[in-house]
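Novice: build me a structure from this.
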Amino acid sequence: MNSYLAKLVFNIRIDNGTENKQFDEQTRLVQANTIEAAFLKARALGKNHEESFVNKENHFVEWKFIDVTELYALNNAKDGEELYSTTHEIDNAGSFIKYVQDKSMLIQAKSLTFA
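Specialist: Okay, the predicted model is just below:
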């Protein structure tokens with residue numbers, strides 16, 4: 001059995017008169033014998049996680065799976081090897097840096113061994 005990282009993309013549609021501009025990218029661990037099987041398993045996972053519900057503002061919300069956009073084999077990965085990268089272009093660099101530092105602090109707070 002081999003391990004893969006799969007990126008699944010969903011379109012979040014909210015029935016409140018706005019356009020469908022919201023997308024969720026999820027990175028999931030998938031285990032399969034081949035890359036082809038991993039791709040099909042990731043697609044099935046995405047389809048199985050589609051959902052519809054009414055939110056607290058009484059708007060209909062739909063999470064629609066689009067497709068698998070990336071698939072990385074992990075079995076030959078080496079310590080410290082880059083598996084995924086994305087570049088952000090942000091208007092307010094200071095707020096983005098604070099966001100990253102806050103996320104890091106949450107990781108540290110969950111495990112007191114960092115202290």
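Novice: which other helices and strands contact the helix or strand V61 falls within?
Specialist: Following DSSP states H and E, one finds V61 within strand 60-73. With contacts taken as 3 or more CB pairs under 8 Å, 6 or more residues apart in numbering; DSSP states H and E, strand 60-73 sits against strand 2-14, strand 22-32, helix 35-48, strand 51-54. To be clear about C-beta, it is placed using only N, CA and C from the backbone, and glycine gets the same treatment.
Novice: low-confidence stretches in the protein?
Specialist: 16-20, 112-115 (pLDDT under 70).
Novice: and the residue nearest the centre of it?
Specialist: Q26 (1.6 Å; CA atoms, centre = their mean).
Novice: out of everything not next to it in sequence, what's closest to it?
Specialist: If the residues on either side of it in the chain are set aside, Q26 comes closest to L8, at 4.8 Å by CB to CB, 6 or more residues apart in numbering.
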